[in-house]
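S.K.: Below is the structure, and that's it, no one-letter string:
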């Protein structure tokens, strides 16, 4: 089967992906496949994780970057390469360039997480911090390419990149030949397009479901319009799929080969990341957890066996802490509330005793007596509690009200 790519590029075919697989032998890991008992029970059929979070550099991006740079001519290699990225593509380009002996320059946003900046430098790239948003960073990288002659390595809009990412699809078919549904996150579309080219050529019966963060969902309106449409703004914690416009080449392939594109909320992403950490013992970034979020949101709509691609695990520890707190709250495991009580000796102890009887674990207490909104004999308490689920949250709030406390949320 042959799939047309726009512009000057030849059609992308299965042989391109197979060629990329040979090129990546000894470079990219054949990442493992892990079963998920929890999701299997929810879906009613086997669910497996394709663990690209355990790939070298912590994501699938090395695959496409290496294939793209390895395909450069000697003259192009001598000029060096340049890329723009907030993290995963930056690290993939840096390591691929080092392995191939090519000089690399990477532009990253000023707010890029420090661990990702440090890792990109350690892989051998010269890093420049520029711009507060990715579009400004991208413009700086393109200007650098024009000024120096360095080859710009696009994160998803090139056939070599897509062919490299498509090797994930070949591995899935080898590791789980009985697969009936593959769920994969979509940003610009390179990974989903590559997986679709490989899988649909060999197993056209396999259903491919793409997943986007609701705050950066450029594919649904683009598919409805029949061409890539740029979003006015993007807002999501999942920076790996935080892309405002589909790539021209991936869009055509996704339009033709991907069966469905779904969206997930920030709460669903948080809950998915928490599940990966708690139940699968997997450190996964929000973008990598997007397929899990889709499975959690509507498990019975997936035909199994299902393979969910955990596309990356590069998450800043501070962001991870915030996400886990958010995920616990979304799952009813974390309750914050304010209440007023009479400011007298023993009042706080009595409140804590009520919470103990309700079996809520107190994580933090803020006790305010001097706010002008309070009456002379009043105090306000802000509580952060660890709970056992949504029903338990309701039981704790009910116990406080029954004890006579004014719960304000």
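M.R.: Noted; the coordinates are in hand. Source: prediction; values computed, not measured.
S.K.: Can you list the buried residues in stretch 279-288?
M.R.: 280, 282-288 (16 or more other Cβ atoms under 10 Å). Backbone N, C-alpha and C define where each C-beta goes, glycine included.
S.K.: Mind putting those into JSON lines with secondary structure?
M.R.: Listed next are the buried residues of stretch 279-288 as JSON lines, based on DSSP: H, G, I helix; E, B strand; the rest coil:
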{"residue": "280", "secondary structure": "coil"}
{"residue": "282", "secondary structure": "coil"}
{"residue": "283", "secondary structure": "coil"}
{"residue": "284", "secondary structure": "coil"}
{"residue": "285", "secondary structure": "coil"}
{"residue": "286", "secondary structure": "coil"}
{"residue": "287", "secondary structure": "coil"}
{"residue": "288", "secondary structure": "coil"}
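S.K.: Show me where the stretch 1-150 of the chain has its helices.
M.R.: Secondary structure of the stretch 1-150 of the chain (DSSP state H, counting those that start in this stretch): helices located at 14-23, 37-43, 61-70, 74-79, 88-100, 114-122, 134-148.
S.K.: how about the buried residues of stretch 279-288, which pair is most distant?
M.R.: By the measure Cβ to Cβ, 280 and 287 form the most distant pair in the buried residues of stretch 279-288, at 16.4 Å.
S.K.: What is the burial count for residue 338?
M.R.: For residue 338, the count of nearby residues is 14 (other Cβ atoms under 10 Å).
S.K.: Assumed it was part of a helix.
M.R.: No - using three-state DSSP, the assignment for residue 338 is strand, not a helix.
S.K.: For the closest residue in space to it that isn't next to it in sequence, give me its contacts.
M.R.: Here the nearest residue to residue 338 in space, its sequence neighbours aside, is residue 408; by Cβ to Cβ, 6 or more residues apart in numbering that works out to 4.6 Å. For residue 408, the contacting residues are 337-340, by Cβ atoms under 8 Å, 6 or more residues apart in numbering.
S.K.: roughly how far apart are residue 210 and residue 255?
M.R.: Computed as Cβ to Cβ, to the nearest Å, the residue 210 to residue 255 distance reads 11 Å.
S.K.: Between those two, which has more neighbouring residues?
M.R.: More neighbours surround residue 210 than the other of residue 210 and residue 255, with 29 against 18 (other Cβ under 10 Å).
S.K.: pretty sure the more buried one is touching residue 264, no?
M.R.: No - using Cβ atoms under 8 Å, residue 210 makes no contact with residue 264, being 11.1 Å away.
S.K.: got the contact list for the residue nearest to the spatial centre of the chain?
M.R.: The centre of the chain sits closest to residue 287, judged by Cα atoms, centre = their mean, with a distance of 0.7 Å. Contact partners of residue 287, counting by Cβ under 8 Å, 6+ apart, are 185, 187, 213, 238-242, 311-312.
S.K.: Output these in a markdown table; the columns should cover secondary structure, neighbour count and distance to residue 43.
M.R.: Formatted as a markdown table, the contacts of residue 287 follow (DSSP: H, G, I helix; E, B strand; the rest coil; neighbours: other Cβ atoms under 10 Å; distance: Cβ to Cβ, whole Å):
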| residue | secondary structure | neighbour count | distance to residue 43 |
| --- | --- | --- | --- |
| 185 | strand | 30 | 18 |
| 187 | coil | 31 | 25 |
| 213 | strand | 29 | 22 |
| 238 | coil | 27 | 22 |
| 239 | helix | 29 | 28 |
| 240 | helix | 28 | 24 |
| 241 | helix | 28 | 22 |
| 242 | coil | 20 | 27 |
| 311 | coil | 32 | 20 |
| 312 | strand | 31 | 23 |
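S.K.: quick revisit: for residue 162, state which of the buried residues of stretch 279-288 is nearest.
M.R.: Set against residue 162, the nearest of the buried residues of stretch 279-288 by Cβ to Cβ is residue 287 (17.5 Å).
S.K.: residues contacting residue 405?
M.R.: 339-341, 351, 354.
S.K.: Adding pLDDT and neighbour count, write these out as JSON lines.
M.R.: Shown next, in JSON lines, are the contacts of residue 405 (pLDDT from 0 to 100; neighbours: other Cβ atoms under 10 Å):
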{"residue": "339", "pLDDT": "80", "neighbour count": "18"}
{"residue": "340", "pLDDT": "76", "neighbour count": "17"}
{"residue": "341", "pLDDT": "74", "neighbour count": "20"}
{"residue": "351", "pLDDT": "82", "neighbour count": "21"}
{"residue": "354", "pLDDT": "85", "neighbour count": "17"}
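S.K.: for the protein, where's the lowest mean pLDDT among helices and strands?
M.R.: strand 2-3 (a mean of 39; mean pLDDT, DSSP states H and E).
S.K.: Any stretches of the stretch 201-350 of the chain with poor pLDDT?
M.R.: Along the stretch 201-350 of the chain, the model assigns pLDDT under 70 to residues 343.
S.K.: What ranges does it have for its strands?
M.R.: 207-213, 260-264, 306-310, 334-342 (DSSP state E, counting those that start in this stretch).
S.K.: Give me the packing partners of the second one, helices and strands only.
M.R.: Packed against strand 260-264, as judged by 3 or more Cβ pairs under 8 Å, 6 or more residues apart in numbering; DSSP states H and E, are the following elements: strand 207-213, helix 219-225, helix 290-297.
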